[in-house]
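1. okay, predicted coordinates and the sequence, questions at the end:
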Amino acid sequence: MTSIGKLFNQTKNINKENIMYSLERKVERVFDAPCPLKRIQEFNELFNEQAHVRIFDFSNMKKGFLESRKELSGYYLETLSNYENAYVLDNKSNNIERKLNIRKVVNLDLNVLTAFNHYVNGKNSKDGEEVYELLKYLKNENFEFNMSTAIMERSMSPIENSGEDVWKEIINNFLRFIKKDTIIEEISRVHLSESDKKDAERIFNEILKPHYWNEYIILNCLVLKAFLIKQDKKIKNKTEELVKYSLSTLNIFLEYELTLLDKYFERDLSKYQTFKKIEGFSKDVIKKINNTTWDIFHIRLLELQMFKDNQSEEVVYHYFATRDKAFIELANFNPMEMFVILPEMQYAIRKLKINSILDNKKIFGQILDDVQREKRKANLQKIDYKSIQKSLAKEINENQKMKK
């Protein structure tokens, strides 16, 4: 299990779980406070300068989240919410003289890294000029740079021999680019030290290793099942069917993804960029579902990056740079009202919640009941999600053959 397992992982220590539930209840009280000042007061009273607890409060947005998005030459700089109007609540928020030390980290999508490699090699001049404008802006605005999410995505499938040299180039050019004094126009002249070369080799080896990110596979199972449910005309309440499957078979409850997939079950998908390629059976439909899963999974990865990097007094905001319009839709679909960092976990509180799309008291009981939650957490260790994923993909392929 990688560190990304913190998104879904559980501990065997029941006392520790009870502490977490207690902390979540306190967070609910902070969220329910009527205004930012009251939320700060509630936080200070409840957490009493407790270390390793931080809440980003985005609920008092002065301008729309869509308006905070930046578009640069066909590329988009996306966030998890409107960082500009956030209140940061932690064990230092009582200090009225506090000055936040804020870092901005941008995660570069595969399409950005590939276009930049073309720019360095003098290929595709229009694409190169556009990505140059994006990266120049990010450099001038003192962003830090990250390619880990792109490496994770690329490592999920084998790399052909012809692609190895390309990826070595991409990694080397990235390491040249992130040097503080690099001038983009002169990047081909930037020298890589022996330490840089070792970093490049380490990153490349991560791509070559076969990776099975269990958290991606779980989400992929959910999207594969959603596809099957959508095609089944006999199922009337498709969202309810998917939630039942998620709880009983996958033993997870992912509110953001379930509220998103509720939109997938709408009859007219023309307005949704995210789902337009998986509306029905088509050539390479499994590959298209997998790609859609990765688009959705990027949201979870950004949350994880925020969690990992906000363990000190520094405040670190994560961004995502991409050309993919589907991600823009995902980032803006259901923005965070709060992002909560607890000692061993993180989670988001969003505007759209499960009770806005589902009306079944029995299912709500399964979602909220602490005993049921414990059972699901215990079952996570026992489930072979890879087998479930293969079974769902097989079912889709067999159904597609029957359609022909």
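-> Yep, that arrived. Fair warning: this is a prediction, and the values are worked out from it, not measured in the lab.

2. how many neighbours does the closest residue to Val166 other than its chain neighbours have?
-> In space, Val166 comes closest to Asn117 once its chain neighbours are excluded; the distance is 7.1 Å by Cβ to Cβ, 6 or more residues apart in numbering. In this view, the C-beta of every residue, glycine as well, is placed from N, C-alpha and C. Using other Cβ atoms under 10 Å, Asn117 has 20 other residues around it.

3. how close does Asn117 sit to Val131?
-> With distances taken as Cβ to Cβ, to the nearest Å, Asn117 is found 9 Å from Val131.

4. circling back to that earlier point, residues in contact with the residue nearest to Val166?
-> Applying Cβ atoms under 8 Å, 6 or more residues apart in numbering to Asn117 gives the contacts Val166, Glu169, Ile170, Asn173.

5. wait, doesn't the third one sit right on Thr114?
-> Yes - under the criterion of Cβ atoms under 8 Å, Ile170 is in contact with Thr114, at a separation of 6.9 Å.

6. neighbour-wise, which of the two wins?
-> Ile170 (26 against 19).

7. and the spatially most central residue of the chain, what element?
-> By Cα atoms, centre = their mean, the mean C-alpha position of the chain lies nearest to Ile299, the distance being 2.0 Å. Assigned by DSSP states H and E, Ile299 belongs to helix 285-309.

8. what comes up buried for that helix?
-> Neighbour-count burial for helix 285-309 flags 285-286, 288-290, 292-307, 309 (criterion: 16 or more other Cβ atoms under 10 Å).

9. on that earlier part again, excluding its backbone neighbours, what's nearest the residue nearest to the centre of the chain?
-> Nearest non-adjacent residue to Ile299, counting by Cβ to Cβ, 6+ apart: Leu330, 5.8 Å away.

10. packing partners for the strand or helix carrying that neighbour?
-> Per DSSP H and E: Leu330 is located in helix 325-333. When contacts are defined as 3 or more Cβ pairs under 8 Å, 6 or more residues apart in numbering; DSSP states H and E, helix 325-333 sits against strand 75-79, helix 255-264, helix 285-309, strand 315-322.

11. who touches that helix?
-> Under the contact criterion Cβ under 8 Å, 6+ apart, helix 325-333 has outside partners 65-66, 69, 76, 78-80, 109, 260, 263, 272-274, 292, 295-296, 298-299, 320, 322.

12. swap in stretch 380-395?
-> Stretch 380-395 has contacts (Cβ under 8 Å, 6+ apart) with 8-10, 212, 214, 217-218, 220-221, 224-225, 228, 249-252, 286.

13. ok, the closest residue in space to Tyr245 that isn't next to it in sequence - contacts?
-> Spatial nearest neighbour of Tyr245, excluding adjacent residues (Cβ to Cβ, 6+ apart): Lys225 at 5.4 Å. Lys225 makes contact with Leu242, Tyr245, Leu392, according to Cβ under 8 Å, 6+ apart.

14. residues contacting stretch 39-50, please?
-> Contacts for stretch 39-50 (Cβ under 8 Å, 6+ apart): 26, 29-31, 33, 53, 55, 57, 59, 87, 89, 91, 93-94.

15. C-alpha coordinates for it, CSV please?
-> What follows is stretch 39-50 as a C-alpha-only set of coordinates in CSV (Å, rounded to 0.1, in the frame of the first residue of the first chain):
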residue,chain,number,x,y,z
ARG,A,39,-16.0,29.3,12.9
ILE,A,40,-12.6,30.5,14.1
GLN,A,41,-13.9,30.9,17.7
GLU,A,42,-15.5,27.4,17.5
PHE,A,43,-12.3,25.9,16.1
ASN,A,44,-10.1,27.5,18.9
GLU,A,45,-12.5,26.3,21.6
LEU,A,46,-12.9,22.7,20.3
PHE,A,47,-9.3,21.9,19.2
ASN,A,48,-7.5,24.0,21.9
GLU,A,49,-4.3,24.6,19.8
GLN,A,50,-4.1,20.9,18.9
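
16. give me the buried stretch members for that stretch, please.
-> Arg39, Ile40, Glu42, Phe43, Phe47.

17. now that stretch: mean pLDDT?
-> The average of the pLDDT scores along stretch 39-50 is 87.

18. now that stretch: how far from the chain's centre is it?
-> The chain centroid and the centroid of stretch 39-50 are separated by 28 Å under Cα atoms, centre = their mean, to the nearest Å.

19. kindly report the same for stretch 138-151.
-> Counting by Cα atoms, centre = their mean, stretch 138-151 is centred 16 Å from the centre of its parent chain.

20. start the count at 297 instead of 1 going forward.
-> Sounds good: first residue 297 from here, last item stretch 434-447.

21. quick check: buried residues in that stretch?
-> By neighbour count on 16+ other Cβ under 10 Å, the buried set for stretch 434-447 is Leu434, Lys435, Phe439, Phe441, Asn442, Met443, Thr445, Ala446, Ile447.
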